[in-house]
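Asks: okay, here's the prediction I keep looking at, along with the sequence it came from:
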2 protein chains.
Amino acid sequence: MKEFELIEKYFAGRGPQRKDVVLGVGDDAALTRIPDDMLLVVATDTMVENVHFFKDAPARSIGHKCLAVNLSDFAAMGAEPAWASVAITLPNADEEWVKEFSEGLFEIAEYYHVQIIGGDTTQGPLSVTVSLKGFVREDKALVRSGAKSGDWIYVTGQLGDSALTVASKLQQVEVNEANAILSERKFNFPSARIAAGQVIKHVATSAIDISDGLVQDLGHILKASNVSAKIDIDKLPISPSVLASVDEDKAIELALMGGEDYELIFTVPEEQKAYISQNATAMGVGFHCIGQIQGAGEGICLMKNGEKVPLPNQAGFEHFTVK
Amino acid sequence: MKEFELIEKYFAGRGPQRKDVVLGVGDDAALTRIPDDMLLVVATDTMVENVHFFKDAPARSIGHKCLAVNLSDFAAMGAEPAWASVAITLPNADEEWVKEFSEGLFEIAEYYHVQIIGGDTTQGPLSVTVSLKGFVREDKALVRSGAKSGDWIYVTGQLGDSALTVASKLQQVEVNEANAILSERKFNFPSARIAAGQVIKHVATSAIDISDGLVQDLGHILKASNVSAKIDIDKLPISPSVLASVDEDKAIELALMGGEDYELIFTVPEEQKAYISQNATAMGVGFHCIGQIQGAGEGICLMKNGEKVPLPNQAGFEHFTVK
């Protein structure tokens, strides 16, 4: 089957058809309408085989995840997703793969009402780049740079499942079947905290999603806001699958350093803590206060039973550490 | 050198800084402002090593071309480019490569006043995906579907240089050094016909850029507009380098079937022919009338000295032709 036919069969006309799309797939470029009082929001992420997913990763998961990771960026901006361009590079025109991939993609696209408005299909080593577009009111956009000393630090959901899955696949830890299924589900089909983003955009002073690990991503907020943080290890919402599979120190390491949880870290001033609790249901996910922003200075200070403890050694996920 | 440092060094703060960018590189997503009466335009293209460029392609050319091919889509829509997301996948953190790539990218970005607002850098087999954003007035967007019987068919620039370069690199033809330099320059550093797009958007009934070859791309207009076309071979603006390097039949084949010329094909009603000639200077490139749109039916009819001749055999560039 040729490229055009393959795209036609599994992509053309599928998924949400939004009223603000004037011209979708099929011309030189797509045309869409942005509400007058809104800013355009753009996030772009690439996923590469053997780097972001394992060689045996289900195509359905790759379809889901390539959109989910961008939706997660939108959640962290308090933004509403609308349209996505999907560029797929495939070693061969494997119809079964494209079918499964498209099902994973359109399932999450339906859920968040995102229309696929274009992209590209090329031959080459497996990778997918999604560029997600949408909008946000200028005064509601959540950035990394607004955290203030005294703000409380929150995190949504549970931590460590993706890191546990990776450690298990690399045979660094042994995980029983039940826990492996639970943690792998989160690794393969992460949720994007769009609803939470829509709640916290009214009160949070900063936000970021956890793609490279809590310590590293919170570090981006601290740097951009020129502040430091105190984190209480006892308050970390470590996933039960992680706690059941490894010892306490390893569980803390996975929760703090493990990437790809796609939960939100956000900061809230004292006077807005009540707003967050009152809107707990609308958040669409549980959340925990794990620490507090401090003045300029020392990065992250980890506390356990009221005592300062060192950060785990392992660095957050980063490409190109060896040259 | 680590990923973040490499990006920081060669990308942060470089190139045009547009007033309509509220938040550029460095947060979870970028934020930009769209003029109230404009539609958002989005084009996305991926380039993969050994598919879209040769293994020995200069990094500077890849930086130029990954933006140029998207700009070419914008030209064909009559759209104004504004912002680009650039996702680069690299086998290793080769600083020299990134430096050269960034120089090619920012040179063309400067020329067309495009700000790089984000993207991704990942490790893996070499490829680049650019998603270009910009705007167009709704009533001025050029699409593929408006060609009418009787409209004249134009093409900008000259044809066949990229196909000649590819044929030469694959050792299918022999090209002397002077012609090789000229045609390779066009292959490595294609222009985008943005200025021409801004002129023709006022009068053209359809447009497309030549990425897969004149016959194949004109075919997209014919299909979308439900019309056919008569093309006069004698009027094709075949590149002098091509004419000097191969025999006439081969030159015609390269001009009709060769991809990556990134010239515009557009259709103009009889009563607007004068407008095009009067605005020749503003087009920023030469152009030729090569034929005429006919009624629904037979695809492309090739004419030579008033006689109908068959299409060359070789199909336009398409991925995945063998399964």
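Replies: Perfect, thanks for sending it. Numbers count the residues shown, from 1 in each chain, chains lettered A, B, ... in the order given.

Asks: show me what contacts residue A:241?
Replies: A:161, A:164, A:175, A:179, A:182, A:183 (C-beta atoms under 8 Å, 6 or more residues apart in numbering or on different chains). All C-beta spots, glycine's among them, are computed from the backbone N, C-alpha and C.

Asks: you'd agree residue A:112 is up against residue A:82?
Replies: No - taking contacts as C-beta atoms under 8 Å, residue A:112 lies outside contact range of residue A:82: 9.3 Å.

Asks: looking at these two, which one has more neighbours?
Replies: residue A:82 (27 against 21; other C-beta atoms under 10 Å in any protein chain shown).

Asks: max pairwise distance over the contacts of residue A:241: which two?
Replies: The distance between the two most remote of these (C-beta to C-beta) is 10.5 Å, for A:161 and A:175.

Asks: more neighbours: which of those two?
Replies: residue A:161 (28 against 21).

Asks: mind listing what the more buried one touches?
Replies: Contacts of residue A:161 (C-beta under 8 Å, 6+ apart): A:182, A:183, A:186, A:187, A:239, A:241, A:242, A:261.

Asks: of all those, which comes closest to residue B:300?
Replies: residue A:187 (50.6 Å).

Asks: pLDDT at the closest one, what is it?
Replies: Looking at residue A:187, its pLDDT reads 95.

Asks: what about the strands in the stretch 151-300 of chain A?
Replies: A:152-156, A:206-209, A:228-232, A:264-268, A:287-294, A:300-304 (DSSP state E, counting those that start in this stretch).

Asks: residue numbers of the stretch 151-300 of chain A in contact with chain B?
Replies: Within the stretch 151-300 of chain A, the residues that sit near chain B (C-beta under 8 Å from any C-beta of the partner chain) are A:207, A:208, A:209, A:224.

Asks: do that again at 10 Å, thanks
Replies: A:197, A:206, A:207, A:208, A:209, A:211, A:212, A:216, A:217, A:220, A:224, A:264 (C-beta under 10 Å from any C-beta of the partner chain).

Asks: farthest-apart pair in those, please.
Replies: Among those, A:197 and A:216 lie farthest apart (C-beta to C-beta), at 20.2 Å.

Asks: between those two, who's got more neighbours?
Replies: Neighbour comparison, residue A:197 and residue A:216: the larger count goes to residue A:197, with 32 against 20 (by other C-beta under 10 Å).

Asks: just to check, the more buried one is in contact with residue A:76?
Replies: Yes - between residue A:197 and residue A:76 there is a contact under C-beta atoms under 10 Å: 6.5 Å.

Asks: mutual contacts of the two, please.
Replies: A:142, A:204, A:207, A:209, A:264, A:266, B:28 (C-beta atoms under 10 Å, 6 or more residues apart in numbering or on different chains).

Asks: follow-up on the earlier one: mutual contacts of residue A:161 and residue A:175, please.
Replies: A:182, A:183, A:184, A:241, A:242.

Asks: check contacts around the last one.
Replies: For residue A:242, the set of contacting residues under the criterion of C-beta under 10 Å, 6+ apart consists of A:158-165, A:167, A:173, A:175, A:179, A:182-183, A:250-255, A:258.

Asks: chain A: helices as residue ranges?
Replies: A:3-10, A:59-77, A:95-111, A:161-169, A:177-188, A:194-200, A:214-225, A:240-245, A:248-257, A:273-278, A:280-283 (DSSP state H).

Asks: in JSON lines, list those helices along with distance to residue B:42.
Replies: Below are the helices of chain A laid out as JSON lines (distance: least, C-beta to C-beta, whole Å):
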{"stretch": "helix A:3-10", "distance to residue B:42": "17"}
{"stretch": "helix A:59-77", "distance to residue B:42": "14"}
{"stretch": "helix A:95-111", "distance to residue B:42": "16"}
{"stretch": "helix A:161-169", "distance to residue B:42": "30"}
{"stretch": "helix A:177-188", "distance to residue B:42": "28"}
{"stretch": "helix A:194-200", "distance to residue B:42": "21"}
{"stretch": "helix A:214-225", "distance to residue B:42": "27"}
{"stretch": "helix A:240-245", "distance to residue B:42": "39"}
{"stretch": "helix A:248-257", "distance to residue B:42": "36"}
{"stretch": "helix A:273-278", "distance to residue B:42": "35"}
{"stretch": "helix A:280-283", "distance to residue B:42": "31"}
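
Asks: just name the most buried of those helices.
Replies: Mean neighbour count (mean count of other C-beta atoms under 10 Å in any protein chain shown) peaks for helix A:59-77 among the helices of chain A, with a mean of 26.

Asks: hey, C-alpha coordinates of it in PDB?
Replies: In PDB, the C-alpha atoms belonging to helix A:59-77 read as follows (Å, rounded to 0.1, in the frame of the first residue of the first chain):
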ATOM      1  CA  ALA A  59       1.700   0.900  18.400                       C
ATOM      2  CA  ARG A  60      -1.500   1.800  20.200                       C
ATOM      3  CA  SER A  61       0.600   3.200  23.100                       C
ATOM      4  CA  ILE A  62       2.800   5.200  20.800                       C
ATOM      5  CA  GLY A  63      -0.300   6.700  19.200                       C
ATOM      6  CA  HIS A  64      -1.700   7.600  22.600                       C
ATOM      7  CA  LYS A  65       1.600   8.800  24.100                       C
ATOM      8  CA  CYS A  66       2.700  11.100  21.300                       C
ATOM      9  CA  LEU A  67      -0.400  13.200  21.800                       C
ATOM     10  CA  ALA A  68      -0.500  12.700  25.600                       C
ATOM     11  CA  VAL A  69       3.000  14.200  26.200                       C
ATOM     12  CA  ASN A  70       2.000  17.400  24.400                       C
ATOM     13  CA  LEU A  71      -1.400  17.500  26.100                       C
ATOM     14  CA  SER A  72       0.600  17.300  29.400                       C
ATOM     15  CA  ASP A  73       2.500  20.500  28.400                       C
ATOM     16  CA  PHE A  74      -0.800  22.100  27.700                       C
ATOM     17  CA  ALA A  75      -2.100  21.100  31.100                       C
ATOM     18  CA  ALA A  76       1.000  22.700  32.700                       C
ATOM     19  CA  MET A  77       0.200  26.000  30.800                       C
END
